[in-house]
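Novice: Can you look at this prediction? I've put the sequence above it.
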Amino acid sequence: MSKIVINNLTAGISGKHILKGLNLTVDSADILAVLGPNGHGKSTLLGVLMGNPRYKVYGGSVELDGEDLLALSPDERSKRGLFLAMQNPSEIPGLNSADFYKAAVNAHREKPLAFFEWYKMLQEAYREIGIPLEMSKRNLNEGFSGGEKKRNEILQMILLNPKFAFLDEIDSGLDVDAMNVVAKAINKQREKGTGLVIVSHYERLFEMVKPTKTAVIIDGKVAVTGGPELASRIDREGYEWIKDELGISIEKSDERPMNSVSIGACATKVGVNGK
């Protein structure tokens with residue numbers, strides 16, 4: 001079983017600390033739901049784990065199966081079995097989708113795939129994600145809808161078959177049918193042994209993809225952890241109970257009740273122990 005161990009991780013961007021001593025352990029048997037108000041470090045955490053160069057690590061450690069993950073380049077992390085489905089996938093004019101996917105898959109292999117083996121793999125992945133194979137002839141994400149871009153991210157996960165997949169709001173922009181397809185693909189990937197870390201604001205996804213653990217990030221730290229019932233409670237009650245029970249002050253930016261919107265959707269500012 002593979003394991004990621006994050007210890008006292010401090011990281012940010014442009015000198016601003018976003019993660020502030022975050023501790024978390026994820027193993028390949030987990031589906032970890034990561035929740036928290038907007039702007040408190042969820043996407044930053046995933047970016048740091050994948051080695052996004054816009055983030056700087058100021059302290060702490062991250063180990064993958066005992067290896068120093070922070071010492072590895074993004075491509076080395078990918079080859080170790082990490083994958084990130086991005087919240088806002090980029091459009092890349094001039095780059096054929098199928099060529100990109102094939103290059104990515106072959107970069108993880110000692111020998112490149114034979115043509116017919118690759119074609120069968122690509123065909124099955126497109127069928128699983130519910131979009132026509134003809135889409136593979138188009139440039140990567142160019143002119144695609146938001147939902148099509150998100151399905152393409154899941155398509156890459158299927159093709160790469162990683163040890164750990166980090167899904168950053170993969171359900172945003174999806175209609176009900178597309179969300180069902182994506183959830184089915186996530187569950188199938190779990191059956192293959194992939195550990196999943198899923199950031200989402202919507203309880204509906206977690207109803208279809210049952211998390212084994214839940215972690216709530218507030219002000220750059222994991223404030224509380226629990227099982228799947230924790231995600232359900234936040235969907236019902238918002239984050240106010242964390243203030244009452246744990247002494248973590250969450251200042252709302254508007255007058256709406258904190259449970260009047262879906263998971264984590266309210267913008268907030270946070271101070272720990274009233275600070």
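Specialist: Looks like it came in fine. Residues are numbered from 1 along each chain as shown.

Novice: does residue 12 sit in a helix, a strand or a coil?
Specialist: Secondary structure, DSSP: H, G, I helix; E, B strand; the rest coil: residue 12 is strand.

Novice: Assess the claim that it and residue 54 are in contact.
Specialist: No: here residue 12 does not reach residue 54: they are 10.1 Å apart, not a contact under C-beta atoms under 8 Å. Placement of C-beta: from N, CA and C, glycine included.

Novice: So if I had to pick from these two, which one is more boxed in?
Specialist: residue 12 (18 against 9; other C-beta atoms under 10 Å).

Novice: Go ahead and flag the most central residue of this structure.
Specialist: residue 167 (2.4 Å; C-alpha atoms, centre = their mean).

Novice: Tell me which helix or strand it sits in.
Specialist: Using DSSP states H and E, residue 167 maps to strand 164-168.

Novice: wait, what's in contact with the closest residue to residue 75 other than its chain neighbours?
Specialist: Ranked by C-beta to C-beta, 6 or more residues apart in numbering and with sequence neighbours excluded, the top spatial neighbour of residue 75 is residue 107, at 7.3 Å. By C-beta atoms under 8 Å, 6 or more residues apart in numbering, the contact set of residue 107 is 75, 78-79.

Novice: Mark which of these are part of helices, please.
Specialist: When DSSP state H defines the helices, the subset of those inside them is 75, 78-79.

Novice: Which one of the residues you listed is nearest to residue 4?
Specialist: For the ones in helices among the contacts of residue 107, the minimum distance to residue 4 (C-beta to C-beta) is 14.2 Å, reached by residue 78.

Novice: was I right about that closest one contacting residue 69?
Specialist: No: in this structure residue 78 lies outside contact range of residue 69 using C-beta under 8 Å: 11.6 Å.
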